[in-house]
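K.L.:
Got a predicted structure plus its sequence, pasted below:
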Amino acid sequence: MTSTGANDLGGFLRSRRERLTPAAAGIGAGATHRRVPGLRREELAELAGVSVGYYTRLEQGVSTGASGAVIDALAAALRLDRAEHEHLRTLASPRRPTRPRARRSTLRPAVGELLAAMPGVPAIVIDHRADVLCWNPLGHALLAGHIAFDAPQSRIRPNIARMLFLDPHHRALYRDWHAKAHATVAVMHQAAARHPGDAELERLVGRLAVDSPEFARMWARRPVRTCSYAVRALDHPVVGRMTLANETVGLPDDDQHLGLFHARAGTPDADALALLAQSLDRRLAPGTTSDEEKTP
């Protein structure tokens, strides 16, 4: 269930068919006994206007593609939301041969300069694998002050998914950890669909599934959602509780995302963020030693 491979179309269809109850689909349960609560293949095929044999081949991976009209009909029958519908289209699109992706994403210098130019806004850049490519000092202090600031330049970069599931310090930051973890897994599923054959992403998913039963369970449910905006309730080890708006902006042509955090002016949350910035200024003031410069 941790595969990112060729039968993701069938797996996704099956997961949504098993999730949809007959009542939600407008089908009377009747007197027949059901071993599972979801729709049967023949019921879904009838709702979508396709043959049972054709739908079965899609779900079993014998047929790996479908026309746009069929995908739209299946999405309507399965009551998919907009993000799930788009994900289904991506999974059903023809897999064109592509050049192997670079094993390491590259940050455009201008993006790094942009983060440095907004010192009062916590900011971070991640790639489609959730690897951290860059953060500004306040973004680092907010999300991962317990690791080195220059960790994104190391051979093994910090990874948001790894930290969420395997780093107790980062995990403790989120008061609603489950919501953040679910959103992260959903984004990774969409990345796997956009980048079939990405060996690094497949290794990451496989390793997390082995090391974290929670990740394995979430991945098996195949969550999909659009994660452009969220409100994050945090319990920060330095400044305590605060609630920040988290905007995620896609960077054109790079399949990278810029994450920004903000608190409304005049609120206790803004005061907490300002206090964190002040603590950072004191730590890096002349004559002081930063955590990254201390001898272990």
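P.N.:
Sure, I can see it.

K.L.:
ok, how many other residues are close to residue 90?
P.N.:
The local packing of residue 90 (other C-beta atoms under 10 Å) involves 18 other residues. Bear in mind the C-beta positions are built from the backbone N, C-alpha and C, glycine included.

K.L.:
Show me the contact partners of the helix or strand harbouring it.
P.N.:
Using DSSP states H and E, residue 90 sits in helix 82-92. Identification of contacts with helix 82-92 by C-beta atoms under 8 Å, 6 or more residues apart in numbering yields 8-9, 12-13, 16, 64-66, 68, 71-72, 74-75, 78, 80, 189-190, 193-194, 224-226.

K.L.:
Got a ChimeraX select line for the buried ones in those?
P.N.:
In ChimeraX, selecting the buried portion of the contacts of helix 82-92, with burial taken from 16 or more other C-beta atoms under 10 Å, looks like this:
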select :8,9,12,13,16,64,66,71,72,74,75,78,80,189,190,193,224,225,226
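
K.L.:
From the contacts of helix 82-92, which land in helices?
P.N.:
Mapping the contacts of helix 82-92 onto helices (DSSP state H) picks out 8-9, 12-13, 16, 68, 71-72, 74-75, 189-190, 193-194.

K.L.:
show me where the stretch 151-296 of the chain has helices.
P.N.:
In chain order, the stretch 151-296 of the chain shows helices spanning 160-166, 168-173, 177-194, 199-211, 213-220, 268-283, with DSSP state H, counting those that start in this stretch as the criterion.

K.L.:
Can you tell me the closest non-neighbouring residue to residue 55?
P.N.:
Nearest non-adjacent residue to residue 55, counting by C-beta to C-beta, 6 or more residues apart in numbering: residue 45, 4.2 Å away.

K.L.:
Quick check: what element follows the helix or strand harbouring that neighbour along the chain?
P.N.:
Here residue 45 sits within helix 41-48, counting by DSSP H and E. On the C-terminal side of helix 41-48, the nearest following helix or strand under DSSP H and E is helix 52-60.
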